[in-house]
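In: need a 3D model of the following:
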Amino acid sequence: MKEAKKGKNEIIWVLIYTKPKQEIKAKENLERQGFKTFLPLISPSNIDEEFKSLVPLFPRYIFTQLNLGLENWHPIKSSYGVDHIVMFAEKFTSIPNNIIELIQDRLNEGEVYKQIISNVDFKKGESLTIKEGPFAGIDAIFLSNKSKDRVRLLLKLLNTTVTSEINKSDIGLKQVIQNFKF
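Out: Coordinates of the predicted model:
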């Protein structure tokens, strides 16, 4: 991050540190005062974007755009939900536009982070819970694919383990969620 220089009509993004769990209130209050803000959200389930209770992708932080030459930024510090502006040596620390754009590219129209989820087959030795069929809910260890439609598992039953073959569809596929990286 580079240090922002005061200049006429210089527009920069700054980072605002909020009070605990008050990111949305801080965002709404800053927007009512005319500041442009950016608060990327994510579903706490990490899978379901339609989940009603979204949380900030970066807890306790929101981005705010300032025009250093025109705006009076002092009201930000006393805005409801705001703890302080992240600064370095009493000077604004500018967040580069390309970082903001990179984050925005990973969001949908509602500013919700889109998870990249891949379905892959289980590998030998991986633990799983059987999802369907007569053994639904039983913990197992994947041993191998027996055929196109069957798998061999080591089932944990009554303090012992038993090797069994079941339908591949009963265990489903393993979902792998790609982490958020720049």
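
In: list the contacts of residue 63.
Out: By C-beta atoms under 8 Å, 6 or more residues apart in numbering, the contact set of residue 63 is 13-16, 37-39, 95, 100. For glycine as for every other residue, the C-beta is placed from the backbone atoms N, C-alpha and C.

In: of the residues you listed, buried ones?
Out: Applying 16 or more other C-beta atoms under 10 Å to the contacts of residue 63, the neighbour count classes 13-16, 37-39, 95 as buried.

In: which of the contacts of residue 63 sits closest to residue 125?
Out: residue 39 (41.3 Å; C-beta to C-beta).

In: tell me the contacts of that closest one?
Out: Contacts of residue 39 (C-beta under 8 Å, 6+ apart): 23-24, 27, 56, 62-63, 111.

In: give me the phi and psi for it.
Out: The phi and psi values for residue 39, taken as degrees, to the nearest 10, are phi -130, psi 90.

In: gap between it and residue 24?
Out: 7 Å (C-beta to C-beta, to the nearest Å).

In: hey, what's in contact with both of these two?
Out: With C-beta under 8 Å, 6+ apart as the test, residue 39 and residue 24 both reach residue 56.

In: isn't residue 15 right up against residue 61?
Out: Yes. With contact defined as C-beta atoms under 8 Å, residue 15 reaches residue 61; the gap is 5.8 Å.

In: this completes my enquiry, with thanks.
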